[in-house]
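Peer 1: Any chance you can model this:
(chains A, B, C and D)
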Number of protein chains: 2
Amino acid sequence: MTEEEFLRSYDAKSFERPSVAVDLVLMSVRDGQVVAVLQQRSEHPYQGHWALPGGFVQIGESPDEAATRILKDKAGMDQCFLEQLYTFGAPDRDPRTHVISIAHFALLPFERFEKALDRKADLALATIDVPWKGEAGGAVRALDRQGSKLSLAFDHDEILGLAVKRLRGRLDYSPIAFALLPALFTLRDLQDVHQAILGVEFRKPAFRRRMLDAGWIKGTGKKESGQTFRPAELYTLKKGVKNGTD
Amino acid sequence: MTEEEFLRSYDAKSFERPSVAVDLVLMSVRDGQVVAVLQQRSEHPYQGHWALPGGFVQIGESPDEAATRILKDKAGMDQCFLEQLYTFGAPDRDPRTHVISIAHFALLPFERFEKALDRKADLALATIDVPWKGEAGGAVRALDRQGSKLSLAFDHDEILGLAVKRLRGRLDYSPIAFALLPALFTLRDLQDVHQAILGVEFRKPAFRRRMLDAGWIKGTGKKESGQTFRPAELYTLKKGVKNGTD
DNA sequence: CCAAAAGTGTTTTAGTTACACCCATGG
DNA sequence: CCATGGGTGTAACTAAAACACTTTTGG
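Peer 2: So this is what the prediction gives:
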């Protein structure tokens, strides 16, 4: 059956109200690149295209609860930074019927990403590339490990673009970056995360002081190990600093 | 089960899905106070309580279109700054059934507010008082002209609180304040708006330069009139600066 | 001329950047 | 003892705030 046939046979008139769904943008940073979890669609519509993990909101369930459920069931992850992003509701964004989707974004340190992905064969990691292009934010590109552009389903390119834009905007003003790092991290790790998200390079001393002055982190006295150079001190979030993971 | 069969079975229990609504926070500034439009409920639930103007999203209608429609039908206003705020979806927020509400906020200069309110008898203007109380943002209080506290329906106090918080957060970084001013305004008008929203006082020269340096406005050469003191120059938004009203 | 508020120039301060340097580790 | 990256002090620069001041109107 082609997509066209599928859409013809689909009875949209029986839906009197819009449906409500949740889509998740699961993001992390790997090797200086922003990555996100995508799922290849095996069925119509958008068969073969890549989509954000999502699902419908059940009655009696808040959107946040739905997001947590989908995060657990579809991606096998829990206990992470999870925040509502924006609600997308153009009537034609889903060819089946009017689906209003409450997009959330979730941030995890990459180690936890990897573990979950090993258990879920249908998930893939895409490198997300959003050029700056002023305020508007250029078109998002999702790339596989070979650098080929992935074709996204629905309006999920728009959702991804907004997620990156939001992430960039909040980086300076909130401790959101720590949701992408393990409990103990070096200042270099933190700088790498910032540089990956913003797509710029910082000078080490300036970045270092800016972070320490922000008052979010404290040194632990412990040092990293396994490096061939001088080990860096491990830092951690101060108690009482909320990055949304709690 | 084929997708078609799945969709048929999903369709059968479509009455069990949450409804989708839009609630509007219509805000302005009057005499150094933030004000919002409220509607007194004549029926259960929350009979006699005050509520934000709102309505259900029709199928085939985007949330933004629904917000525009409600703005026009219920409040008699159009062509104003209108932006999605947050989606509230706790299952018990409406005692009738599970209603997911996409809250929007709308900003207008007070003159346009007044005109519309004269034509709609069921609407009232409330002074909105949100104490600072750090990041969390204290509980919102809606007051009538006599200063009596109005009792709000549903979770509308929470929505109002978030709207004020968002307004405060964006004031410095975006030209949002100009949606609350007429096309021609003095720097004092602009300062009054900022002070009302943030609840702080600024020194005139500092505020003046900060605004001019931001590059959003330009002088017109015209002067205000009707004052007993030196008339101030009238400023206007530069072309190309979007404050969402366009 | 006076009161009131508009509007401007100058100094002070604070915060950020740039640069140069020293330190600790593995090999 | 050398290469590599971690970490720190100082000077230069820049942006904002504080203050004192001049200007323009109505009465």
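Peer 1: Contact residues of chain A facing DNA strand C?
Peer 2: A:203, A:205, A:206, A:209, A:210, A:213, A:223, A:227, A:228, A:229, A:230, A:231 (Cβ under 7 Å from any atom of the strand). Using the backbone N, CA and C atoms, a C-beta is placed for each residue, glycine as well.
Peer 1: By pLDDT, give me the weakest of those.
Peer 2: For those, the least confident position by pLDDT is residue A:227, scoring 80.
Peer 1: Next, give phi and psi for that residue.
Peer 2: Here the main-chain torsion angles of residue A:227 (degrees, to the nearest 10) amount to phi -100, psi 160.
Peer 1: Correct me if wrong: residue A:54 contacts residue A:24.
Peer 2: Yes: in this structure, residue A:54 is within contact of residue A:24 by Cβ atoms under 8 Å, at 6.3 Å.
Peer 1: quick one: which of these two has more around it?
Peer 2: Between residue A:54 and residue A:24, counting by other Cβ atoms under 10 Å in any protein chain shown, residue A:24 is the more crowded of the two (28 against 24).
Peer 1: How about the secondary structure of the residue lying closest to residue A:199 once chain neighbours are set aside?
Peer 2: The shortest distance from residue A:199 to any non-neighbouring residue, by Cβ to Cβ, 6 or more residues apart in numbering or on different chains, is to residue A:132 (6.7 Å). Of the three states, residue A:132 takes coil under DSSP: H, G, I helix; E, B strand; the rest coil.
Peer 1: Please tell me the pLDDT value assigned to residue A:132.
Peer 2: At residue A:132, pLDDT is 72.
Peer 1: Next, count neighbours for it.
Peer 2: Other residues close to residue A:132 by other Cβ under 10 Å number 12.
Peer 1: hang on, it packs against residue A:200?
Peer 2: No: in this structure residue A:132 lies outside contact range of residue A:200 using Cβ under 8 Å: 9.1 Å.
Peer 1: domain parsing for chain A?
Peer 2: A:3-171, A:175-237 (automatic domain parsing).
Peer 1: between these, which gets the lowest average pLDDT?
Peer 2: domain A:3-171 (a mean of 88).
Peer 1: anything in it near DNA strand D?
Peer 2: No: residues of domain A:3-171 are not located near DNA strand D by Cβ under 7 Å from any atom of the strand, the shortest gap being 13.6 Å.
Peer 1: Counting by contacts, list what the longest helix along chain A packs against.
Peer 2: Determined from DSSP state H, the single longest helix within chain A is helix A:156-171. Packing partners of helix A:156-171 (3 or more Cβ pairs under 8 Å, 6 or more residues apart in numbering or on different chains; DSSP states H and E): strand A:19-30, strand A:33-40, strand A:81-88, strand A:99-107, helix A:187-198.
Peer 1: What are the buried residues along the second one?
Peer 2: So that's strand A:33-40. A:33, A:34, A:35, A:36, A:37, A:38, A:39 (16 or more other Cβ atoms under 10 Å in any protein chain shown).
Peer 1: Now do the contacts for the fourth one.
Peer 2: Translated: residue A:36. A:25, A:26, A:27, A:28, A:52, A:125, A:126, A:128, A:142, A:160, A:163 (Cβ atoms under 8 Å, 6 or more residues apart in numbering or on different chains).
Peer 1: Please indicate which of those has the highest neighbour count?
Peer 2: residue A:163 (29 neighbours).
Peer 1: That one contacts residue A:85, doesn't it?
Peer 2: Yes: between residue A:163 and residue A:85 there is a contact at 5.9 Å, judged by Cβ under 8 Å.
Peer 1: Can you pull the residues that touch both of these two?
Peer 2: Common neighbours of residue A:163 and residue A:85 (Cβ under 8 Å, 6+ apart) are A:25, A:103, A:105.
Peer 1: Switch these over to JSON lines; also include distance to residue B:182.
Peer 2: Below are these laid out as JSON lines (distance: Cβ to Cβ, whole Å):
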{"residue": "A:25", "distance to residue B:182": "40"}
{"residue": "A:103", "distance to residue B:182": "36"}
{"residue": "A:105", "distance to residue B:182": "38"}
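Peer 1: DNA strand D: which of those residues is nearest?
Peer 2: residue A:105 (28.3 Å; Cβ to the nearest atom of the strand).
Peer 1: how about the closest one, what does it touch?
Peer 2: With Cβ under 8 Å, 6+ apart, residue A:105 has these contacts: A:24, A:25, A:26, A:27, A:82, A:83, A:85, A:163, A:166, A:167.
Peer 1: of those, closest to residue A:182?
Peer 2: residue A:27 (15.8 Å; Cβ to Cβ).
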